[in-house]
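**Q** sequence? don't have it. structure:
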């Protein structure tokens, strides 16, 4: 009995070691597991599962050259669940939602005390697309572009395999429906019935039993306008994407559009806010140009993480490093909105590099020092998957590490966390116990 009590006590106290490292080392590493014995802690006889800290190992910045320092961290408590909000657009956001969806649980679910749980998953999606099926419906039906919203609905649906095929189905050249996807037409029909695009999105999510809430970043009809490095202006997302010049600044037309009240409420109540992955200027930045969204993100007590892109895009982010992406987002938000950056550290294969080089794109440089100089902490991990010659995020590993990070930093569930552990987040953090 005494051993069992001691075992239970030890399950409520994880020991992590901060490690010596050069300035190129990340604040967090996700590539190793640390057992009790490797941390210099004697295993408890009769305790079947002596604690293993598998995942995020904090690296105390001030102790990097001063040797090892032991940090006492409470074990993962049984918590009621987290509220997660993902901001973005395009296929990047939809893929991330597929990974996060696997952790969505109801309060009645019987799960392990150590298994992460998301009780509320939401997405804020850009609505500036003006090309393809979305662009045609936007003009002909006087509605917001449904394409990115459609992708998110399919990603969050209970029957993802079937609904993804149904929603992504495009009609062939047999009628005026040529090029339209079924999902876009479905949202167009619901918009016509309800008279409101946001309500159509809500009802379609209910009809399809999605595991989350989806909000357009604004209900206003907006267009993008880019100011290029040579001073010229390019209007419309399609034209901006096709442009070969470097984008200097981005604006919404009209500029003073408002977000939905539900969007601001979701931001305010979130425990974790992610931005990305997605095209820097046409999927991520537009959300931050909606009046009130960046201010709400900055004011939110949530942990805020950039899921950094894997590759550059020739027409949007050519030559930009991970730190450059953060700087662009900060400049357009006009306030600091990020605590962490989740950055891939796995090199792409030679074949993939050649393929992307033909498109004048390359793997994004994980410049840790540059990111830290912006006051953002770094998490490096193995987040690259190569699927049919295309670089994709390994959303299962991304989602896993996002939730690991969250439960390490969630204040309300860790009231006894030591000040030493708080220091592990570095001088840039203002987060307290």
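**A** Right, received. Where do you want to start? The structure displayed is predicted, hence computed values, not measured ones.
**Q** okay, strands next: where are they in the stretch 251-400 of the chain?
**A** Ranges of strands within the stretch 251-400 of the chain are 272-275, 303-307, 340-344, 377-381, 384-387, 390-393, based on DSSP state E, counting those that start in this stretch.
**Q** dump these to JSON lines, plus mean neighbour count, distance to residue 211 and mean pLDDT.
**A** C-beta here means a position set from N, CA and C on the backbone, and glycine is covered the same way. Shown next, in JSON lines, are the strands of the stretch 251-400 of the chain (neighbours: other C-beta atoms under 10 Å; distance: least, C-beta to C-beta, whole Å; pLDDT from 0 to 100):
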{"stretch": "strand 272-275", "mean neighbour count": "26", "distance to residue 211": "16", "mean pLDDT": "98"}
{"stretch": "strand 303-307", "mean neighbour count": "25", "distance to residue 211": "19", "mean pLDDT": "97"}
{"stretch": "strand 340-344", "mean neighbour count": "26", "distance to residue 211": "22", "mean pLDDT": "97"}
{"stretch": "strand 377-381", "mean neighbour count": "23", "distance to residue 211": "25", "mean pLDDT": "95"}
{"stretch": "strand 384-387", "mean neighbour count": "15", "distance to residue 211": "23", "mean pLDDT": "96"}
{"stretch": "strand 390-393", "mean neighbour count": "18", "distance to residue 211": "19", "mean pLDDT": "96"}
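**Q** OK, contacts around residue 254?
**A** Residue 254 sits next to 220, 222 when contact means C-beta atoms under 8 Å, 6 or more residues apart in numbering.
**Q** what about it, distance to residue 240?
**A** 17 Å (C-beta to C-beta, to the nearest Å).
**Q** just the buried residues of stretch 345-355, please?
**A** 345, 346, 348, 352, 353, 355 (16 or more other C-beta atoms under 10 Å).
**Q** nearest spatial neighbour of the most centrally placed residue in the chain, skipping sequence neighbours?
**A** Centroid check for the chain by C-alpha atoms, centre = their mean gives residue 274 as the closest residue, at 3.5 Å. Distances taken as C-beta to C-beta, 6 or more residues apart in numbering place residue 86 nearest to residue 274, at 4.8 Å, with adjacent residues excluded.
**Q** what's the following helix or strand after the strand or helix carrying the one you found?
**A** In this assignment (DSSP states H and E), residue 86 forms part of strand 82-88. Counting by DSSP H and E, the element after strand 82-88 in chain order, helix or strand, is helix 90-101.
**Q** list the contacts of that following helix.
**A** 84, 86-88, 118, 121, 123, 125-126, 148, 151-152, 154-156, 160, 211-212, 274, 276-279, 282-283, 307, 309, 392-393, 395-396, 398-399, 402.
**Q** if we can go back for a sec, what's the spacing between the residue nearest to residue 274 and residue 124?
**A** 7 Å.
**Q** and what of residue 251?
**A** 19 Å.
**Q** okay, now the unreliable bits of the stretch 101-250 of the chain?
**A** The stretch 101-250 of the chain contains residues with pLDDT under 70 at 106-115, 160-161, 173-175, 179.
**Q** just to revisit the earlier point, which among the buried residues of stretch 345-355 gets closest to residue 143?
**A** residue 355 (36.6 Å; C-beta to C-beta).
**Q** now do the residue nearest to the closest one when sequence neighbours are not counted against residue 349, distance only.
**A** Take residue 355 and drop its neighbours on the chain: the residue closest to it by C-beta to C-beta, 6+ apart is residue 389, 5.8 Å away. Using C-beta to C-beta, residue 389 is found at 10 Å from residue 349.
**Q** and what of residue 203?
**A** 44 Å.
**Q** scan this structure for its longest helix.
**A** Criterion DSSP state H: the longest helix present in the chain is helix 395-409.
**Q** got the buried residues for that one?
**A** So, applying 16+ other C-beta under 10 Å, buried residues of helix 395-409: 395, 397-409.
**Q** cool, thanks, signing off.
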